[in-house]
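Engineer: prediction below, plus the sequence it came from.
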Amino acid sequence: MVFSPNVTSYFKKSIQEHLPVKISENLHKYLGMSINFGRSKEQHFQFIMDKIWKKLKGWKEKNLSFEGRGVLIRAVAQALPTYYMSCFMLPKGLCSKIEKSVCSFWWGTTGSKRKIHWTKKENLFKSKHMGGLGFKTLREFNYAMLAKQAWRFHTNPTSLIAKVFKAKYFPHSDVLQAPTGCNPSYAWRSIHSSIWVILKGSCLKIRDGNSIRIWEDNWIPSHNNFKVLSPKEDNSQVRMVKDLILTNPLRWNSDYLNTHFLDIDKEHIEQIPLIGSSHKDELMWMFEPNGVYSVKSGYKAFKE
């Protein structure tokens, strides 16, 4: 156990009586992760760059084909920081340095001179289905890894780590609406900075419609941004999706949609199946594992 300097010795002792865990004053790392961070995050994470550079220098790139270099880059060089990126946001400067080292290794060197880079770095870091080599853009990958942590907090709120973060940073809201808070830890700041990824790439599955705001939330799976395109009326009393649903039988209120919504919105809304469940509305991810948006998978998720 590690305490902040503001914790009194009496409080430390009372906690240790309940939890028989050793108290440490000089614990700097735990499971390979740093506990204390200074002002310069790039200097703090420099050891990652050193590890990658050591690997790249150890490989004799002139004896490897381009295919072999690509395998080593994807399987080793870009896999090394994954563990750290799942908990912390690496500085932009460090990510840029790693990507430059990867490019230099890919194109090769002749003695002390580097060979010509025949295409832009951005082309190497495109996904394969977009004509690139599938190298990871580290900043984007970092956001993805941290967003997975936020997604776990949202989908598994009873886990111990989710309870701890909720009690400290968002006791009265969901993680997706949580504020950064006052003087937060670097781990929470890192996770909080990735929440926009979930908000942008997810869509709400309609159950009872009580918690879905018509104009603010993502809930139309066949729209590119999942939001309603129709302008919001100033004096409208209809704010939630439940207000657009009729019962006995369960159906969309076509008359209201015809009057207050654009035709494109009405068409896409009426395609959304109504389950009529008493469960709360759910959040679902709208992209395939390769990052490609799929309307078909979205409707499948709605039906399931």
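Structural biologist: Received it, and whenever you're ready, just let me know what you need. Just so it is clear, the structure is predicted and the values come from calculations on it, not from any experiment. Numbering: from 1, shown residues only.
Engineer: any idea how far Ile214 lies from Leu94?
Structural biologist: Distance, Ile214 to Leu94, by Cβ to Cβ, to the nearest Å: 42 Å. Every C-beta, even on glycine, is put in place using the N, C-alpha and C of the backbone.
Engineer: got the contact list for the most centrally placed residue in the chain?
Structural biologist: The residue lying closest to the centre of the chain (Cα atoms, centre = their mean) is Ala147, at 2.0 Å. Shown in contact with Ala147 (Cβ atoms under 8 Å, 6 or more residues apart in numbering): 194-195, 197-198.
Engineer: who's more crowded, Ile214 and Leu94?
Structural biologist: Higher neighbour count among Ile214 and Leu94: Ile214, with 24 against 20, using other Cβ atoms under 10 Å.
Engineer: per-residue confidence at the more buried one?
Structural biologist: Looking at Ile214, its pLDDT is 92.
Engineer: so it makes contact with Lys227?
Structural biologist: No. Under the criterion of Cβ atoms under 8 Å, Ile214 is not in contact with Lys227, lying 9.4 Å apart.
Engineer: circling back: make CSV out of the contacts of Ala147 and add pLDDT, distance to Ala77 and secondary structure.
Structural biologist: Conversion of the contacts of Ala147 to CSV gives the following (pLDDT from 0 to 100; distance: Cβ to Cβ, whole Å; DSSP: H, G, I helix; E, B strand; the rest coil):
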residue, pLDDT, distance to Ala77, secondary structure
Ser194, 95, 23, coil
Ile195, 94, 29, helix
Val197, 93, 24, helix
Ile198, 92, 28, helix
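Engineer: CSV for those residues, including distance to Phe153 and neighbour count?
Structural biologist: Compiled in CSV, the contacts of Ala147 are given as follows (distance: Cβ to Cβ, whole Å; neighbours: other Cβ atoms under 10 Å):
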residue, distance to Phe153, neighbour count
Ser194, 11, 19
Ile195, 10, 21
Val197, 13, 17
Ile198, 10, 17
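Engineer: ranges for the helices of this structure?
Structural biologist: For the chain, the helices defined by DSSP state H cover 9-18, 41-44, 46-58, 66-72, 82-85, 92-107, 121-124, 138-155, 160-169, 186-192, 195-201, 254-260, 263-270, 295-303.
Engineer: Serialize the ones you listed to CSV and add fields for distance to Val175.
Structural biologist: Converted to CSV, the helices of the chain look like this (distance: least, Cβ to Cβ, whole Å):
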stretch, distance to Val175
helix 9-18, 26
helix 41-44, 23
helix 46-58, 27
helix 66-72, 37
helix 82-85, 19
helix 92-107, 24
helix 121-124, 32
helix 138-155, 4
helix 160-169, 7
helix 186-192, 8
helix 195-201, 7
helix 254-260, 33
helix 263-270, 28
helix 295-303, 21
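Engineer: tell me which of these lies nearest to Ser278.
Structural biologist: helix 295-303 (16.9 Å; Cβ to Cβ).
Engineer: sorry, back to before: hey, least reliable of the helices of the chain by pLDDT?
Structural biologist: Least confidently modelled of these is helix 295-303, at a mean of 48 by mean pLDDT.
Engineer: roughly how far apart are the residue nearest to the centre of the chain and Leu160?
Structural biologist: Ala147 sits at a distance of 20 Å from Leu160 (criterion: Cβ to Cβ).
Engineer: picking up where we left off before, which one of the helices of the chain lies nearest to Pro221?
Structural biologist: helix 295-303 (3.5 Å).
Engineer: burial measure for Met158, as a count.
Structural biologist: Careful, residue 158 is Thr; it's not Met. 6.
Engineer: and it, how far from Gln177?
Structural biologist: Noted for Thr158: a distance of 19 Å to Gln177, by Cβ to Cβ.
Engineer: also Ser24?
Structural biologist: 35 Å.
Engineer: likewise Arg251?
Structural biologist: In terms of Cβ to Cβ, Arg251 sits 31 Å off from Gln177.
Engineer: same question, Ala187
Structural biologist: Using Cβ to Cβ, Ala187 is found at 19 Å from Gln177.
Engineer: same question, Glu17
Structural biologist: For Glu17, the distance to Gln177 (Cβ to Cβ) stands at 37 Å.
Engineer: do the same with Gln43
Structural biologist: Here Gln43 is placed at a distance of 34 Å from Gln177 (Cβ to Cβ).
Engineer: what's the answer for Phe3, then?
Structural biologist: With Cβ to Cβ as the criterion, Phe3 and Gln177 are 30 Å apart.
Engineer: show me which of the two is the more surrounded one.
Structural biologist: Between Phe3 and Gln177, Phe3 has the larger neighbour count (other Cβ under 10 Å), namely 14 against 10.
Engineer: who's in contact with that one?
Structural biologist: 12, 23.
Engineer: ok, now with 10 Å
Structural biologist: Neighbouring residues of Phe3 by Cβ atoms under 10 Å, 6 or more residues apart in numbering: 9, 11-12, 15, 23-25.
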